[in-house]
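Undergrad: Model the structure of this input:
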Amino acid sequence: MLSVSLLVILIVVITLAFDYINGFHDTANAIATVVSTRVLSPRNAIIMATCLNFIGALTSTQVAKTVAAGLIDTARFQIADVKQPEAFAEQLQNPTDQISQYIAEHLSPATKQLLVQNASTTSPSPELQTAIVDDLNRIIQRSDLYSADRFAGISLKAKTIEKAKAPEKLKLEGLAILNRSLLEKAYPHKLASNQQIFQVVILAAVLGAIVWNLITWKFGIPSSSSHALIGGLCGAAIMHGGLPFVLWNGILHKVLIPLVGSPLMGFFIGFVIMTLIFRSFANVHPGRVSSSFRRLQILSAAAMAFTHGLNDAQKSMGIITMTLVSTRIISEPVVPLWVILSCASAMALGTSAGGWRIIKTMGHKIIRLEPVHGFAAETSAAIVLFVASHFGMPVSTTHVISGSIFGVGSSKRMSAVRWGVAQTMVVAWVLTLPASALVAALSYQALISMGLSQ
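TA: So this is what the prediction gives:
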């Protein structure tokens with residue numbers, strides 16, 4: 001059995017390992033085109049990507065905040081979290097303190113009716129237990145739970161009291177975590193903490209993502225590390241507590257829509273940029289065009305490497321921040337500086353290790369690339385990644401650069417693109433979310449069987 005503190009350390013270490021693997025798995029996203037066009041040697045391209053990945057990772061935390069608080073509900077109560085259902089139901093039937101009076105007052109009419117029906121029984125019915133838990137999950141989202149009189153005599157940290165006095169400054173996720181911790185402090189023998197079990201969920205999610213990343217890296221398939229991690233989170237959370245533990249609105253708007261939209265935008269922008277270049281330089285000697293774009297491609301590759309770090313390194317920052325929030329080490333999903341620096345460093349080190357199998361797929365198998373094609377593809381991909389990072393969308397750099405390369409190739413003629421490779425890549429993209437979710441779910445079950453939830 002591991003303590004919460006040891007689980008946190010283990011999650012941080014494994015998440016940084018994932019960040020490192022993400023770096024060498026996705027190196028090709030930033031440098032495949034500049035290597036395949038021979039503008040830079042692989043060694044120089046990797047050095048450039050390593051430095052700019054690190055700088056990009058330090059620039060923003062919008063994506064990290066989405067991963068930390070916008071995808072999985074870390075505060076949700078389960079029936080198993082009510083350790084003494086009989087005593088708790090009786091306390092709500094006959095509230096004697098201000099906190100139980102508050103909870104009883106805000107129970108739904110259906111729950112109050114079930115309490116009356118179960119008043120003469122020794123054990124609350126499953127329906128009543130479910131109703132109470134549903135009400136608790138609704139109550140922890142209220143901003144008026146805390147008052148000094150209501151929680152008088154309960155030992156609370158000064159920082160907790162400060163946050164509770166200003167609930168309007170907290171986002172809904174942070175408010176729910178704060179209120180849950182308040183109720184756990186008020187009823188330590190009746191309401192269990194979910195800190196330990198939720199660390200198992202996060203650990204299983206990261207393990208699922210790592211396994212899928214290594215499988216796709218082994219076979220040179222340019223799948224998405226980002227969606228492997230998100231699929232892992234969903235799979236482990238569903239195995240832990242069912243579908244309600246996934247924030248489906250966040251998954252839809254921050255993951256699924258960008259999953260489809262970002263490569264399409266990369267395709268469209270790449271097609272438009274390449275078409276404009278063709279028309280603008282139609283009467284210029286091909287040698288001069290190639291020479292000019294060889295220099296410009298260094299800038300576009302640098303932009304791609306920067307935005308790769310800007311978006312990808314933040315997923316690991318979000319996982320570690322989620323861990324710290326769910327264990328109450330920090331009260332809201334604001335990424336600490338040490339997390340930013342450690343994830344940026346792990347990503348940069350992984351990038352320096354390279355990803356030669358995927359570089360071959362990205363740089364040679366889709367289309368035959370010239371410097372002008374590389375410039376158009378990298379520029380369009382960098383634009384999409386910068387916009388997505390600004391709006392906190394954890395998109396796939398693999399999907400974006402692939403879509404951009406397809407768009408650039410299609411602008412010449414549709415037959416210039418090797419669509420058989422595209423079909424293989426799309427299949428990998430579609431499989432990533434469910435496959436990593438399945439691996440994470442199995443990992444969760446294995447960790448539970450090892451006794452980590454105790």
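Undergrad: just for the chain, where's the confidence low?
TA: Applying pLDDT under 70 to the chain flags residues 1-4, 25-30, 32-33, 36-37, 220-223, 354-369, 413-425, 428, 453-454.
Undergrad: Closest to the centroid, which residue in this structure?
TA: With distances taken as CA atoms, centre = their mean, the residue of the chain nearest its centroid is residue 67 (3.6 Å).
Undergrad: if I read this right, that one contacts residue 311, doesn't it?
TA: No - look at residue 67 against residue 311 with CB atoms under 8 Å: they stay out of range, at 11.0 Å. All C-beta atoms are positioned from the backbone trio N, CA, C, and that covers glycine.
Undergrad: tell me, what's touching these two both at once?
TA: Residues touching both residue 67 and residue 311 (CB atoms under 8 Å, 6 or more residues apart in numbering) are residue 394.
Undergrad: returning to that earlier point: measure how buried the residue lying closest to the residue nearest to the centre of the chain once chain neighbours are set aside is and give me the count.
TA: Spatial nearest neighbour of residue 67, excluding adjacent residues (CB to CB, 6 or more residues apart in numbering): residue 318 at 2.6 Å. By other CB atoms under 10 Å, 30 other residues sit near residue 318.
Undergrad: tell me the contacts of residue 318?
TA: Neighbour list for residue 318: 63-68, 333, 335, 394 [criterion: CB under 8 Å, 6+ apart].
Undergrad: Kindly recompute the last result at 7 Å.
TA: Residues near residue 318 by CB atoms under 7 Å, 6 or more residues apart in numbering: 63-68.
Undergrad: Could you tell me which of those belong to helices?
TA: Among these, the members falling in helices (DSSP state H) are 63-68.
Undergrad: neighbouring contacts of the host helix or strand of residue 22?
TA: If you go by DSSP states H and E, residue 22 is part of helix 4-25. Under the contact criterion CB under 7 Å, 6+ apart, helix 4-25 has outside partners 53, 195-196, 199, 202-203, 206-207, 209-210, 213-214, 217, 225, 312-313, 316, 319-320, 323, 327, 342-343, 346-351, 353-355.
Undergrad: what's the offset of it from the middle of its chain?
TA: Put simply, helix 4-25 sits 14 Å off its chain's centre (CA atoms, centre = their mean, to the nearest Å).
Undergrad: Then stretch 263-270?
TA: For stretch 263-270, the separation from the chain centroid amounts to 23 Å (computed by CA atoms, centre = their mean).
Undergrad: go on, stretch 321-333?
TA: Here stretch 321-333 is found 15 Å from its chain centre; the criterion is CA atoms, centre = their mean.
Undergrad: Show me what counts as buried in stretch 39-49.
TA: Across stretch 39-49, burial judged by 16 or more other CB atoms under 10 Å covers 39-40, 45-46, 48-49.
Undergrad: residues in contact with that stretch?
TA: Applying CB under 7 Å, 6+ apart, the external contacts of stretch 39-49 come out as 27, 30-31, 34-35, 294, 297-298, 301-302, 305, 351-352, 354, 371, 374.
Undergrad: Out of these, grab the one that's most surrounded.
TA: Neighbour counts for the contacts of stretch 39-49 (other CB under 10 Å) peak at residue 30, which has 36 neighbours.
Undergrad: Which elements pack onto the host helix or strand of residue 401?
TA: Assigned by DSSP H and E, residue 401 belongs to helix 397-412. The contact analysis (3 or more CB pairs under 7 Å, 6 or more residues apart in numbering; DSSP states H and E) places helix 397-412 against helix 27-36, helix 257-280, helix 286-326, helix 371-390, helix 419-449.
Undergrad: tell me the angle of that helix relative to helix 286-326?
TA: In terms of direction (axes from the mean of the first three to the mean of the last three CA atoms, to 10 degrees), helix 397-412 departs from helix 286-326 by 160 degrees.
Undergrad: Arrange the buried residues of stretch 39-49 in CSV, one row each, with secondary structure and distance to residue 15 as further columns.
TA: Listed next are the buried residues of stretch 39-49 as CSV, based on DSSP: H, G, I helix; E, B strand; the rest coil; distance: CB to CB, whole Å:
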residue, secondary structure, distance to residue 15
39, coil, 34
40, coil, 31
45, helix, 27
46, helix, 23
48, helix, 26
49, helix, 21
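Undergrad: Let me have those residues in a markdown table, extended by distance to residue 402.
TA: Formatted as a markdown table, those follow (distance: CB to CB, whole Å):
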| residue | distance to residue 402 |
| --- | --- |
| 39 | 19 |
| 40 | 20 |
| 45 | 18 |
| 46 | 20 |
| 48 | 21 |
| 49 | 17 |
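Undergrad: Give me the nearest residue to residue 328, chain neighbours excluded.
TA: Nearest residue to residue 328, sequence neighbours excluded (CB to CB, 6+ apart): residue 181, at 5.6 Å.
Undergrad: Could you tell me how many residues sit around that neighbour?
TA: When counting by other CB under 10 Å, one arrives at 21 neighbours for residue 181.
Undergrad: Repeat that for residue 216.
TA: Residue crowding around residue 216 was assessed by other CB under 10 Å; the count is 24.
Undergrad: can you check residue 438 too?
TA: Quick note: residue 438 (other CB under 10 Å) scores 17 neighbours.
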